[in-house]
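Trainee: give me coordinates for this.
(3 chains)
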Amino acid sequence: MKFVLVDQLVSLEPGKRIVMAKNVSMAEEYLADHFPGFPVLPGVMMLEAAIQAAAWLVRVESNFAHSLVVLKEARGVRYGTFVAPGNTLVITAEAVEIAAGRSDFKIKGAVNGNNAIQARIELAHVNLAATDPAMQPIDRNVITALKERWQTILQHSPVTLPA
Amino acid sequence: MPMTQEEVFAKVKEVLTTALAVDDDEVTSQAKLSEDLGAESIDYLDIQFQLEKSFSIKIPKGELTPENLFTNPEYVQNGRMTPKGLAELKTRMPFADLTGFEADPDINKFRDVFTVDTLVKYVMTKVNT
Amino acid sequence: MVNDHSALIMRWIWIDKFEKFEVNVAAVAVKNVSLAEDHLHDHFPGFPVMPASLMIEGMAQTSGILVGAARNFKEKVILAKIGKATFSRLVRPGEQIVYSAKIVNVNETGAAIEGTISVRTTVGGQPTEISVGTVDMMFSHIDNNMSGMKFPDFNFVFNSQFMELFETYRRELNVQLPTT
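Mentor: This next block holds a predicted model:
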C-alpha cells in the first residue's frame, strides 16, 4: 500500500473534525533518499496525510458518494519540526465547509505535541460519470475499493463510530 | 514615491492576507504577526520579499529584523535584554513601538514587537525618503 | 549509507529530466506518468491519477535544485512553505508533466519560487500541452536559519551522488550505438 498515508483513526466528529495518525518507519523506502543519512518524512507526504484524513471525513459524511476526492488548492502550508522514523504524525483536519462538490479544511499535523505542518486545503469531490456517463462502473469500482480500505483502517483503530 | 499611512496600510494588509492566509478583517493595526496572525519564521521572509515587491523597496539584511543582538552577552543575559541591549535595539528599530518589550524584555517575547503597525511604520520610512 | 553509490537516488525522484536550466533564473523539468508506478494503484484503485502532492514535490525538486545551484549548492535547501498550490485538471498515466519554475527572490536566509505545471498529452489524437496548475513555494537555507532544529552537519540535501546524477539530468546526450 505505497500511497496510503494514514494508518489509524483516532477520532471522528461527523462532518466536523477528524484526527488520524501516521507512523513513520525506516521501512518506508523513500526515506533512504530523503535524506541519505538523515531520514525524515517529506513535507509533501505530511500534506498528503492531511489530504487523505480530510478526504475520509468527506467520504464518511457523503456516504462515499464520489469516487475521487482530490486536492484543488492548498494555501499557507508551513512546516515546523522534522518527522523522523519511530515517530507518529497526528493529523487534525477541521472542516470549514463541506458541500456536495467541494470542501474546505484547516489542517494541522503534530509530532509529540510539536507543530510539523499547518495548512488550509480545498478538496474537489469528483465522479467520472459526470464527465462521461460510460465511466459509471469505474466510479463504482473505486468507491467499493475505498469502502473496503476504510473498513480495514477502522478494524485496527481504537474508535467506535456512531451508527 | 511618497505614500500616506493609509495607502501603505492597505498594501501591507494585502501582503499579509496573502502571506499568512488570513482574512482581511483579522489584519488590524495592532495585530501581532506571530501571536495573532500565526506567522512562523519562514513567513517573515515571505513578508519581507513581498513588501520588497509590492513597494519596490530593498530591505537589507538586519534592517527590519535586527541581527546579532541576541547572541551578544552584553545585550542579553539570562534570556532577558539588558539596558545596553535595549538602547541598541532602539537605534536599530526606530520605527518600532518597543514600550511593551521594554517593560518585559524576555527575548522569547521579542516577536510580539512585530505588529502590522510596525511594518507600516517601517515601510513609511522607506517610501517617504 | 551516505557514500553507498548503489543507493542511487531513485526512490524519491519526481522529475525525470531537465529541459531548461538557467542558473539563478528559471528551470523546466519533465516527469513521465506511468502505469508502472506503484503509488498510482493506490490513488485510486481502479482509476490511477497522479497525486497533487507528488506534483508539488516535482515542483519542489525542480525549484530546489534551481535555488541550490544559484548558491553553488553550499547550503541545505529545505521546503519551508507552500504559499499557494492550485490544480485544475486530473493527470493520468501516459501523460508527461512539465514543471516550469522561476526564482522570484533569493537571499542567505531562503528563496521564493513561482511555478506552473502543465501536461503534454493528446486530445482527439493530437499532441497538445494543457495547463494543470500553479505552485508558489519557499525554501529555507537551514544552515543560515537554524530555527532551533537539530540536523546533521553534512549536506544531506545535495550529496555527492545527487551531484553526479544532476549532471546526467542536465546534459543533452544523443548516444548512437555503434553499427555492426
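
Trainee: going forward, measure contacts and count neighbours with C-alpha atoms only.
Mentor: Will do.

Trainee: report back the residue of chain B that's furthest from centre.
Mentor: B:Asn78 (23.8 Å; C-alpha atoms, centre = their mean).

Trainee: okay, that one: pLDDT?
Mentor: The score at B:Asn78 is 91. That number is its pLDDT.

Trainee: ditto for the one 5 residues further on
Mentor: At B:Pro83, the model reports a pLDDT of 93.

Trainee: ok, now C:Ile13?
Mentor: Note on C:Ile13: pLDDT of 88.

Trainee: what ranges does chain B have for its helices?
Mentor: Under the criterion DSSP state H, helices of chain B are mapped to B:5-20, B:41-55, B:83-92, B:99-103, B:116-127.

Trainee: just the CA coordinates of the longest one, formatted as PDB?
Mentor: Extracted C-alpha coordinates of helix B:5-20, given in PDB (Å, rounded to 0.1, in the frame of the first residue of the first chain):
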ATOM      1  CA  GLN B   5      -0.100  55.900   6.000                       C
ATOM      2  CA  GLU B   6      -3.500  54.700   4.800                       C
ATOM      3  CA  GLU B   7      -2.100  53.800   1.400                       C
ATOM      4  CA  VAL B   8       0.800  51.900   3.000                       C
ATOM      5  CA  PHE B   9      -1.500  50.100   5.400                       C
ATOM      6  CA  ALA B  10      -3.800  49.000   2.600                       C
ATOM      7  CA  LYS B  11      -0.900  47.400   0.700                       C
ATOM      8  CA  VAL B  12       0.600  45.900   3.800                       C
ATOM      9  CA  LYS B  13      -2.800  44.300   4.500                       C
ATOM     10  CA  GLU B  14      -2.800  42.700   1.100                       C
ATOM     11  CA  VAL B  15       0.700  41.300   1.600                       C
ATOM     12  CA  LEU B  16      -0.300  39.900   5.000                       C
ATOM     13  CA  THR B  17      -3.600  38.300   3.900                       C
ATOM     14  CA  THR B  18      -1.700  36.500   1.100                       C
ATOM     15  CA  ALA B  19       1.400  35.600   3.000                       C
ATOM     16  CA  LEU B  20      -0.400  34.400   6.200                       C
END
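
Trainee: what helix or strand is C:Thr86 on?
Mentor: Under the assignment given by DSSP states H and E, the secondary-structure element containing C:Thr86 is strand C:77-87.

Trainee: what about stretch A:20-40, average pLDDT?
Mentor: The average of the pLDDT scores along stretch A:20-40 is 91.

Trainee: what about it, distance to the chain center?
Mentor: 18 Å (C-alpha atoms, centre = their mean, to the nearest Å).

Trainee: mind listing residues that contact it?
Mentor: With C-alpha atoms under 8 Å, 6 or more residues apart in numbering or on different chains as the contact definition, stretch A:20-40 has outside contacts at A:5-11, A:41-42, A:49, A:53, A:82-92, C:1-2, C:7, C:9-12, C:151-152, C:156-157.

Trainee: now swap in stretch B:88-103 and tell me
Mentor: Stretch B:88-103 is contacted from outside by B:63-64, B:66, B:69, B:86, B:109-110, B:112-114, B:118, B:121-122, B:125, using C-alpha under 8 Å, 6+ apart.

Trainee: which parts of the chain are helices?
Mentor: With no chain named, the answer covers chain A. According to DSSP H, the helices that chain A contains are A:43-61, A:136-155.

Trainee: wrong chain, I was asking about chain C
Mentor: Ranges of helices within chain C are C:52-70, C:160-170, based on DSSP H.

Trainee: and the residue nearest in space to the middle of chain B, how far from chain C?
Mentor: Nearest residue to the geometric centre of chain B (C-alpha atoms, centre = their mean): B:Phe114, 3.8 Å. Taking C-alpha to the nearest C-alpha, to the nearest Å as the measure, B:Phe114 and chain C are separated by 18 Å.

Trainee: before we move on, what about A:Val6?
Mentor: Per C-alpha to the nearest C-alpha, A:Val6 is found 12 Å from chain C.

Trainee: and A:Met20, by the same measure?
Mentor: Per C-alpha to the nearest C-alpha, A:Met20 is found 18 Å from chain C.

Trainee: how about that residue: what's its closest non-neighbour residue?
Mentor: Nearest residue to A:Met20 in three dimensions, chain neighbours excluded: A:Leu9, at 4.5 Å (C-alpha to C-alpha, 6 or more residues apart in numbering or on different chains).

Trainee: tally of neighbours for residue 139?
Mentor: I went with chain A, as the question did not name one. For A:Asp139, the count of nearby residues is 21 (other C-alpha atoms under 10 Å in any protein chain shown).

Trainee: that's the wrong chain, I meant chain C
Mentor: For C:Phe139, the count of nearby residues is 26 (other C-alpha under 10 Å).

Trainee: beta partners of it?
Mentor: Residues found in beta-bridge contact with C:Phe139 (criterion: DSSP bridges) are C:Leu79, C:Ala111.

Trainee: A:Arg75 too?
Mentor: Beta-bridge partners for A:Arg75, by DSSP bridges, are A:Arg120, C:Lys84.

Trainee: got the contact list for it?
Mentor: A:Ala119, A:Arg120, A:Ile121, B:Ala21, C:Ile82, C:Gly83, C:Lys84, C:Ala85.

Trainee: next: C:Ile56.
Mentor: Listed by C-alpha under 8 Å, 6+ apart, the contact partners of C:Ile56 are A:Val44, C:Ala85, C:Val135.

Trainee: find the residue closest to the first one in space, skipping its chain neighbours.
Mentor: When you say that, I think you mean A:Val44. In space, A:Val44 is closest to C:Ser53, 5.5 Å off (C-alpha to C-alpha, 6+ apart).

Trainee: how near is the one you found to C:Asn174?
Mentor: From C:Ser53 across to C:Asn174, the span is 33 Å (C-alpha to C-alpha, to the nearest Å).

Trainee: so A:Val159 sits against A:Glu13, correct?
Mentor: No: at 11.3 Å, A:Val159 does not count as touching A:Glu13 under the criterion of C-alpha atoms under 8 Å.

Trainee: re earlier: weed out the non-buried ones from the contacts of stretch A:20-40.
Mentor: A:5-11, A:41-42, A:49, A:53, A:82-85, A:88-92, C:2, C:9, C:12, C:156-157 (16 or more other C-alpha atoms under 10 Å in any protein chain shown).
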